[in-house]
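Colleague: Predicted model follows, preceded by the sequence.
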Amino acid sequence: MDNLKSTKTGGAMFGILLALSLSHLLNDTLQSVISAIYPLIKEGLSLNFSQIGIITLVYQISASVFQPIIGLYLDKKPNPWFLPMGMGFTLTGLVILAFANSLHLVLISVFLVGIGSATLHPEASRLTSLASGGKRGLAQSLFQVGGSMGVSLGPLLVALIIAPYGQKNIVFFSILAIIAMIVMLPICRWYKRIIQISGKRTKSAEVNIKSPLSKNKIILSLIILLILIFSKYVYMASLTNFYTFYLIDKFGVSIQTSQFYLFAFLFAAALGTLLGGPIGDRVGRKYVIWVSILGVAPFTLLMPHANLLWTCILSICIGLILSSAFSAILVYAQELLPMKLGLISGLFFGLAFGIAGVASAIMGKIADSHGIEYVYQMCAYMPLLGLITYFLPNIKSKK
């Protein structure tokens, strides 16, 4: 359905793109509630760290493994109402979580919330491509920045609404889920019109859409892109999950001060997410990937040896540069397989989720045995994997 880029308006559907970005923001705000309430759940239900790990595992499985499956299904059988249906799973999971009084109920709730995320990311990303009017990088960046903002808002809202008053206040987050479903309605109506107008003519047109590369080059390129995603999200997991602990342990800052430094990093990451796509539209995805992954290596290698001020400055540079990679990588992959937008979106979002979860667990064990500073000394070399970008073929963006 890639040939319906902007429903033949000749340009990007910015109203739809903004609605998709807002949906992403609301979804990721709700998703980030899960990890933010771990201390509250652990204390309230008298759980140990192993049980917290099981909760994370169940959530990551539902949020990551199902993404490519749902994406592939929707590639074959488009359904304009899948977005609000997915948010319905999230809504149900949040209500159950608010009143969960056992580990089993918590596991059921996070599984449902994960299914909601597994539905939104591949489908909304695919629709973002359809509404882009050929400006795929810009469109994906708008979509991604919504998610980045949501990730940073979730913990803040938990601190204000849930932490002071208790677990049951999670139910108030269901209001955000309902708002998200309302925001999705015009997207659903727009997509329904595309399906109705296209009909059989769309299916026959899709047969003629071909990848710009041979099968072997596509496979090689996808492997390279997946390695780059691995590099990016291992390092990003070290910052998003352990940065505050690193600052407290190495520099003795307060918890509150460490949160300000973390916010500075997250804000820079959101800005970088917004910039990466449109720059890729202009100069090419490969160049953005080069700079975003390999170009951040000098900053990551310096940070473990820097003082507090320069650690903050370097983390901002890292967030700004490294976060610009995902939109470029995702759009590059979509251009490799234009007939499998949902599958590709689900695969890359799912892998990002999975890598972040597994990497966090491994880094936690390393931090326990070798110290938090060792984690950053080790992860500093991950961006050097960006050297394999050299082997990516050049693909001209289709305007």
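Modeller: Ah, there it is.
Colleague: Walk me through the domains of the chain.
Modeller: 9-208, 211-391 (automatic domain parsing).
Colleague: distance between the last one and the chain's centre?
Modeller: Once both centres are worked out by C-alpha atoms, centre = their mean, to the nearest Å, domain 211-391 turns out to sit 11 Å from its chain's centre.
Colleague: Mean pLDDT and mean neighbour count added to the domains of the chain, as TSV?
Modeller: C-betas here are computed from N, CA, C, even on glycine. What follows is the domains of the chain, written out as TSV (pLDDT from 0 to 100; neighbours: other C-beta atoms under 10 Å):
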stretch	mean pLDDT	mean neighbour count
domain 9-208	82	20
domain 211-391	84	20
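Colleague: Just give the closest residue to the residue nearest the centre of the chain, not the sequence neighbours.
Modeller: When C-alpha atoms, centre = their mean is applied to the chain, the residue found nearest the centroid is F349 (5.9 Å). Among residues not flanking F349 along the chain, H121 sits closest, at 4.0 Å (C-beta to C-beta, 6 or more residues apart in numbering).
Colleague: so D249 is in which element?
Modeller: Using DSSP states H and E, D249 falls within helix 215-251.
Colleague: other SSEs contacting that helix?
Modeller: Judged by 3 or more C-beta pairs under 8 Å, 6 or more residues apart in numbering; DSSP states H and E, the packing partners of helix 215-251 are helix 255-283, helix 285-293, helix 308-322, helix 325-336, helix 341-370, helix 372-379.
Colleague: what's the closest of those to G93?
Modeller: Across the helices and strands packed on helix 215-251, G93 has its closest neighbour in helix 341-370 (15.9 Å, C-beta to C-beta).
Colleague: other SSEs contacting that closest one?
Modeller: Using 3+ C-beta pairs under 8 Å, 6+ apart, helix 341-370 sits against helix 49-60, helix 66-76, helix 103-130, helix 215-251, helix 325-336, helix 372-379.
Colleague: Name the residues that touch the fifth one?
Modeller: Contacts made with helix 325-336 from outside it, assessed by C-beta atoms under 8 Å, 6 or more residues apart in numbering, are listed as 125, 129, 136-137, 140-141, 144, 211-213, 218, 221-222, 225, 228-229, 232, 273, 276-277, 280, 285-286, 288-289, 292-293, 341, 344-345, 347-348, 352, 392, 395, 397-398.
Colleague: got the angle for that helix vs helix 285-293?
Modeller: Orientation check (axes from the mean of the first three to the mean of the last three C-alpha atoms, to 10 degrees): helix 325-336 against helix 285-293 gives 150 degrees.
Colleague: Please apply the same query to the third one.
Modeller: Counting by the same axes, to 10 degrees, helix 103-130 lies at 140 degrees to helix 285-293.
Colleague: do the same with the last one
Modeller: For helix 372-379 and helix 285-293, the angle between their directions (the same axes, to 10 degrees) works out to 150 degrees.
Colleague: likewise the second one?
Modeller: Taking the same axes, to 10 degrees, one finds that helix 66-76 is oriented at 170 degrees with respect to helix 285-293.
Colleague: Tell me which residues are up against helix 66-76.
Modeller: So helix 66-76 is contacted by 82, 114-115, 117-119, 121-123, 126, 339-347, 349-350, 353 (C-beta under 8 Å, 6+ apart).
Colleague: Please export the C-alpha coordinates of it as PDB.
Modeller: C-alpha atoms of helix 66-76 as PDB (Å, rounded to 0.1, in the frame of the first residue of the first chain):
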ATOM      1  CA  PHE A  66       4.200 -10.100  19.100                       C
ATOM      2  CA  GLN A  67       5.100  -6.900  17.200                       C
ATOM      3  CA  PRO A  68       6.400  -8.500  14.000                       C
ATOM      4  CA  ILE A  69       3.600 -11.100  14.100                       C
ATOM      5  CA  ILE A  70       0.900  -8.400  14.300                       C
ATOM      6  CA  GLY A  71       2.700  -6.300  11.700                       C
ATOM      7  CA  LEU A  72       2.800  -9.300   9.300                       C
ATOM      8  CA  TYR A  73      -0.900 -10.000   9.900                       C
ATOM      9  CA  LEU A  74      -1.900  -6.400   9.100                       C
ATOM     10  CA  ASP A  75       0.200  -6.300   6.000                       C
ATOM     11  CA  LYS A  76      -1.900  -9.200   4.700                       C
END
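Colleague: now that helix, how far from the centre of its chain.
Modeller: 17 Å.
Colleague: Report the next helix or strand after that helix in sequence order.
Modeller: Past helix 66-76, the next helix or strand by DSSP H and E is helix 82-98.
Colleague: Show me what that next one is packed against.
Modeller: Short answer (3+ C-beta pairs under 8 Å, 6+ apart): helix 82-98 packs on helix 14-31, helix 103-130, helix 174-206.
Colleague: on that earlier part again, for V158, which of the helices and strands packed on helix 341-370 is the nearest?
Modeller: Comparing these by C-beta to C-beta, helix 103-130 comes nearest, at 13.9 Å.
Colleague: and the closest one, what does it pack onto?
Modeller: Against helix 103-130 (3+ C-beta pairs under 8 Å, 6+ apart) you get helix 14-31, helix 49-60, helix 66-76, helix 82-98, helix 136-157, helix 174-206, helix 325-336, helix 341-370.
Colleague: hmm, back to that, contacts only, for the residue nearest to F349.
Modeller: Q67, S345, G346, F349, G350.
Colleague: quick one on the thing from earlier: could I get the helices and strands packed on helix 215-251 as a markdown table with distance to N101?
Modeller: Shown next, in a markdown table, are the helices and strands packed on helix 215-251 (distance: least, C-beta to C-beta, whole Å):
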| stretch | distance to N101 |
| --- | --- |
| helix 255-283 | 29 |
| helix 285-293 | 45 |
| helix 308-322 | 39 |
| helix 325-336 | 38 |
| helix 341-370 | 25 |
| helix 372-379 | 34 |
